[in-house]
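A.B. asks: return atomic coordinates for the entry below.
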Amino acid sequence: MAEVVIVGLGPVPAKQTQELLGSEFTFVAEPTPQDLLRADGAIVRAEFYLDKTAIESMPKLKIAVRTGVGVDRVDLESATDRGVSIAITPGANTNAVAEGALAMMLSLSKKLSPLTELVRKDQWTSRDGIVPGDLEGSTLGLVGFGRIGSRVAQLAQAFGMRVLAFDPVADVPENLRAESMDALLSESNIVSVHVPLNEKTRNLISKREIELMPQGSIIINVARGGVVNLDAAHEALNSGKLSGLGLDSFDPEPAVFHECFNHPNVALTPHVMGLSQRARQQTFAAAAQAIKDFFNQTGSVEIVNQPRGEN
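C.D. replies: Numbering: from 1, shown residues only. Here you go, the predicted model:
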């Protein structure tokens, strides 16, 4: 095989990735414009916007592998027209993201942030005014039941939670299946969102949906920013309709400040729940393997488009 140049778009570890790819590939972690002209493939981090301009800067590009499963920051139409395959790495960070969702549920239901502040401010005698909640016996509603949603269900059941799920596409077990999203919302003390961001899911959880939920509910979004309407969530936090909001994803990213960020019952993380040490290793390994399988025409690569055109 002739030299195959792979570039990193966004921070991709140089040494680890080169070792994973092997000697038949040349990996460039910080590509110059000249490197982009030579690029046959790319490993693309979630924060990098692979738009039409970026795609056109790599005339030899045949495949771009996204670390993760979201493609909302990829111009699929331009990639498809230019014959560029867009691949994802499903499963590599499933456990990490699912654990992140549970961590937020625990933090918000157990009131860790306000109780931490109470101790810091030497207000021990005020502790009776902040009562921790329980996961056991509460109902978790999962909006989306793919790899991550189904793993969250397993973890939640281990905590003694009743789990409901709604997904118009994925196969939801009958004992977990909600008849509709409205039905799920009306019964769920905690709602965890696990859907991609697209025209149908933008503001999927907004004022009307929140009003269907029980008083004092919690919303968790470790999927994609823009799925939960922050204005509506902030209003619900202030009224007490929501008792907690956990966000790991934002729209845009880096996050633009929203007034709900200052609310004491909001947990915020900068889109890192899928970037645990183990998940990082697995994700980059999966991306490198996809590159190798694509060029060697071995194995199965998860390609989300049907490329046509120049390459």
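
A.B. asks: what separation do you get for residue 90 and residue 100?
C.D. replies: In this view, residue 90 and residue 100 are 17 Å apart by C-beta to C-beta, to the nearest Å. Backbone N, C-alpha and C define where each C-beta goes, glycine included.

A.B. asks: with residue 115 instead?
C.D. replies: With the distance defined as C-beta to C-beta, residue 115 ends up 21 Å from residue 100.

A.B. asks: the two: which is more packed in?
C.D. replies: residue 100 (24 against 15; other C-beta atoms under 10 Å).

A.B. asks: what strand or helix carries the closest residue to residue 260 other than its chain neighbours?
C.D. replies: Taking C-beta to C-beta, 6 or more residues apart in numbering as the measure, residue 260 lies nearest to residue 234, with 3.7 Å between them; neighbours along the chain are not counted. Secondary structure from DSSP states H and E places residue 234 in helix 230-239.

A.B. asks: and the residue nearest the centre of this protein?
C.D. replies: The structure's the chain has its C-alpha centroid closest to residue 223; by C-alpha atoms, centre = their mean the separation is 3.6 Å.

A.B. asks: tell me the SS of it?
C.D. replies: Here residue 223 is recorded as coil under DSSP: H, G, I helix; E, B strand; the rest coil.

A.B. asks: what residues does it make contact with?
C.D. replies: Contact partners of residue 223, counting by C-beta atoms under 8 Å, 6 or more residues apart in numbering, are 144, 148, 193, 194, 195, 196, 197, 249.

A.B. asks: again, only this time at 10 Å
C.D. replies: For residue 223, the contacting residues are 69-70, 97, 101, 143-144, 146, 148-149, 192-197, 201, 204, 248-249, taking C-beta atoms under 10 Å, 6 or more residues apart in numbering as the criterion.

A.B. asks: before we move on, what about residue 304?
C.D. replies: Under the criterion of C-beta under 10 Å, 6+ apart, the contact list for residue 304 reads 66, 69, 71, 74, 76, 79, 80, 85, 86, 87, 88, 90.

A.B. asks: please parse the protein into its domains.
C.D. replies: The chain breaks down by automatic domain parsing into domains covering 4-92+277-296, 94-268.

A.B. asks: in a markdown table: these, plus mean pLDDT.
C.D. replies: Listed next are these as a markdown table, based on pLDDT from 0 to 100:
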| stretch | mean pLDDT |
| --- | --- |
| domain 4-92+277-296 | 96 |
| domain 94-268 | 98 |
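
A.B. asks: let's have those in TSV, adding distance to residue 306.
C.D. replies: Formatted as TSV, the entries for those read as follows, by distance: least, C-beta to C-beta, whole Å:
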stretch	distance to residue 306
domain 4-92+277-296	7
domain 94-268	18
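
A.B. asks: pull the longest helix from the chain.
C.D. replies: For the chain, the helix that runs over the most residues, judged by DSSP state H, is helix 277-296.

A.B. asks: buried sites along it?
C.D. replies: By 16 or more other C-beta atoms under 10 Å, the buried positions in helix 277-296 come out as 279-280, 282-284, 286-292, 294-295.

A.B. asks: what's the answer for stretch 115-123, then?
C.D. replies: By neighbour count with 16+ other C-beta under 10 Å, stretch 115-123 contains the buried residues residue 118.

A.B. asks: using PDB, write out every CA atom in it.
C.D. replies: Extracted C-alpha coordinates of stretch 115-123, given in PDB (Å, rounded to 0.1, in the frame of the first residue of the first chain):
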ATOM      1  CA  LEU A 115     -25.200  20.300  51.000                       C
ATOM      2  CA  THR A 116     -21.600  20.900  50.200                       C
ATOM      3  CA  GLU A 117     -22.100  24.600  50.400                       C
ATOM      4  CA  LEU A 118     -23.900  24.200  53.700                       C
ATOM      5  CA  VAL A 119     -20.900  22.500  55.200                       C
ATOM      6  CA  ARG A 120     -18.500  25.000  53.700                       C
ATOM      7  CA  LYS A 121     -20.400  27.900  55.100                       C
ATOM      8  CA  ASP A 122     -20.600  26.300  58.600                       C
ATOM      9  CA  GLN A 123     -24.400  26.000  58.500                       C
END
